[in-house]
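Chemist: A predicted structure for the sequence below; I have some questions about it.
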Protein chains: 2
Amino acid sequence: MGRPRAFDADAALEKAMVIFWEQGYEGASLTDLTEAMGISRKSMYAAFGNKEQLFRKALQRYTEGPGAYVSQALQAPTAREVATMFLAGSIRANTLPGWPTGCLGVQGALAVGKTGRIAHDTLTEWRAHGQAHLRERFQRAVEESDLPADADPDLIARFIMTIANGMAVQAAGGAEREDLRRVADTALRCWPPA
Amino acid sequence: MGRPRAFDADAALEKAMVIFWEQGYEGASLTDLTEAMGISRKSMYAAFGNKEQLFRKALQRYTEGPGAYVSQALQAPTAREVATMFLAGSIRANTLPGWPTGCLGVQGALAVGKTGRIAHDTLTEWRAHGQAHLRERFQRAVEESDLPADADPDLIARFIMTIANGMAVQAAGGAEREDLRRVADTALRCWPPA
DNA sequence: GCAGTTCAGCACCGATCGGTGCACAAGCAG
DNA sequence: CTGCTTGTGCACCGATCGGTGCTGAACTGC
């Protein structure tokens, strides 16, 4: 009994997920969230508890929606297909047209709100500069025949930088130095990588 | 002429760098920063301008300090040594004892302040769960002889997850789907990776 | 000594944060 | 219709944000 709710809680949760995805937890203010969800603060609290619980539910929805590739990949018949499907699904989820770029699981504490946009852009540029330096160096290596003539300096630089970026996320999650060292060794087992 | 400043601006900048490194730009409040620097807000503004400029100077100091491995690696004689030194330096900088873990260039917009700690931990756990599922699946592959008996499921899972994490950072920086696809192909060119 | 200049500390600014009390409207059971 | 419950919107809470005006002390050149 009582008055039924006048909005679609599931649709509202999806809107909230998008805001968290593109702005991160701290960067997403209650005003941002409720405006996107099209409901009042009070309705949000009544329906979802508080901001933290809303975030958890948004993450769960992400896992079942854009992040469903994880469980799908795990069902592949061979280990190689698991890895291939996992990475392919990750790529797809990271670059869905009409959706925020990147992964909510990383982005959620990587993206920033309005006040942090400056720092976000500064760091994106900083990483791009580092990658550009690598690319130029590998370009030189091609010219010096240190790398094969058909090697792709841009790809190699991006590959190495991707490993480094990934290791930074791993380290933020508590990975030990020896863990990372073995990852790097694995990445360099085949050289040149392309 | 005039009264000289009573604190070491360079030491203060280093303290600020550490706070940004472990708490991110938005997560580092002026109170956090000035307390760590041991100076008043007014002194900070007089010496560094504002929070944004302080962040830029802290990033520059990071580049010249813990991040100096980048320019060092670029001077290596061969491309392979460049890649090896770059990754090794990245690992070292990500896991310096007595310093924050991870990379300021990623962390600066990844880590969060007090209010975001909950989300940060939630996401760290979320990523760890995904990696654990991968590990269990690769463990099964070893038991099924789909992977060699000496394959290391933990390492393979961490390697794949590191690529995925790195691609998420790349995507947040604007990488296209095709760019990421080639990175993933590169990572899977040698299989099994260990 | 003096005058000039700059530093440091405190209180305070408006804005925004996450979260809530209250009045009222909307729908239920009888 | 009358009670009763519950969703909704508005105004507002204390806390904190980045940033500043003011006061006085500390140091310089003369």
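Modeler: Structure received. Everything quoted here is computed from the prediction, not taken from an experiment. Numbers count the residues shown, from 1 in each chain, chains lettered A, B, ... in the order given.
Chemist: What are the boundaries of the helices in chain A?
Modeler: Counting by DSSP state H, chain A has helices at residues A:9-23, A:30-37, A:41-48, A:51-64, A:69-74, A:79-94, A:104-107, A:117-143, A:153-172, A:177-187.
Chemist: Just give me the lowest mean pLDDT stretch among these.
Modeler: For the helices of chain A, the bottom mean pLDDT is recorded on helix A:104-107, which sits at a mean of 88.
Chemist: Throw the helices of chain A into TSV and include distance to B:Val183, thanks.
Modeler: Glycine gets a C-beta too; all of them are placed from N, C-alpha and C. Listed next are those as TSV, based on distance: least, C-beta to C-beta, whole Å:
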stretch	distance to B:Val183
helix A:9-23	22
helix A:30-37	32
helix A:41-48	37
helix A:51-64	23
helix A:69-74	17
helix A:79-94	9
helix A:104-107	15
helix A:117-143	12
helix A:153-172	5
helix A:177-187	11
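Chemist: mind putting the ones you listed in a markdown table, mean neighbour count and distance to B:Ala149 included?
Modeler: What follows is these, written out as a markdown table (neighbours: other C-beta atoms under 10 Å in any protein chain shown; distance: least, C-beta to C-beta, whole Å):
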| stretch | mean neighbour count | distance to B:Ala149 |
| --- | --- | --- |
| helix A:9-23 | 19 | 41 |
| helix A:30-37 | 17 | 50 |
| helix A:41-48 | 15 | 49 |
| helix A:51-64 | 18 | 33 |
| helix A:69-74 | 17 | 21 |
| helix A:79-94 | 21 | 13 |
| helix A:104-107 | 28 | 32 |
| helix A:117-143 | 18 | 36 |
| helix A:153-172 | 26 | 26 |
| helix A:177-187 | 20 | 18 |
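Chemist: mind checking which of the ones you listed is nearest DNA strand D?
Modeler: helix A:41-48 (3.1 Å; C-beta to the nearest atom of the strand).
Chemist: picking that back up, mind putting the helices of chain A in JSON lines, distance to DNA strand C included?
Modeler: Converted to JSON lines, the helices of chain A look like this (distance: least, C-beta to the nearest atom of the strand, whole Å):
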{"stretch": "helix A:9-23", "distance to DNA strand C": "10"}
{"stretch": "helix A:30-37", "distance to DNA strand C": "4"}
{"stretch": "helix A:41-48", "distance to DNA strand C": "4"}
{"stretch": "helix A:51-64", "distance to DNA strand C": "3"}
{"stretch": "helix A:69-74", "distance to DNA strand C": "28"}
{"stretch": "helix A:79-94", "distance to DNA strand C": "25"}
{"stretch": "helix A:104-107", "distance to DNA strand C": "16"}
{"stretch": "helix A:117-143", "distance to DNA strand C": "13"}
{"stretch": "helix A:153-172", "distance to DNA strand C": "22"}
{"stretch": "helix A:177-187", "distance to DNA strand C": "33"}
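Chemist: So A:Glu143 versus A:Arg182, what's the distance?
Modeler: Relative to A:Arg182, A:Glu143 is positioned 33 Å away (C-beta to C-beta, to the nearest Å).
Chemist: what's near enough to touch A:Arg181?
Modeler: B:88, B:91 (C-beta atoms under 8 Å, 6 or more residues apart in numbering or on different chains).
Chemist: and the residue of chain A found nearest DNA strand D, how many neighbours does it have?
Modeler: Closest to DNA strand D within chain A is A:Gly2: 2.5 Å, counting by C-beta to the nearest atom of the strand. Counted with other C-beta atoms under 10 Å in any protein chain shown, residues neighbouring A:Gly2 total 4.
Chemist: Model confidence score at it, please.
Modeler: The model's pLDDT for A:Gly2 equals 70.
Chemist: Next: A:Lys114.
Modeler: Predicted confidence (pLDDT) for A:Lys114: 53.
Chemist: what does chain A have sitting close to DNA strand D?
Modeler: A:1-7, A:39-43, A:46-47, A:115 (C-beta under 7 Å from any atom of the strand).
Chemist: domain parsing for chain A?
Modeler: Chain A resolves into domains spanning A:9-107, A:117-187 when parsed by automatic domain parsing.
Chemist: quick one: the first one near chain B?
Modeler: Yes. For domain A:9-107, a contact with chain B is found by C-beta under 8 Å from any C-beta of the partner chain, at A:24-27, A:52, A:55-56, A:59, A:63, A:70-71, A:74, A:78-80, A:82-84, A:86-88, A:90-92, A:94-95, A:101-103, A:105-107.
Chemist: which residues touch the nearest residue to A:Arg137 once chain neighbours are set aside?
Modeler: Spatially, and ignoring its direct neighbours in sequence, A:Arg137 is nearest to B:Leu74 (5.1 Å; C-beta to C-beta, 6 or more residues apart in numbering or on different chains). Contact partners of B:Leu74, counting by C-beta under 8 Å, 6+ apart, are A:133-134, A:137, B:82, B:86.
Chemist: Let me see the contact set for A:Arg5.
Modeler: For A:Arg5, the contacting residues are A:43, A:47, by C-beta under 8 Å, 6+ apart.
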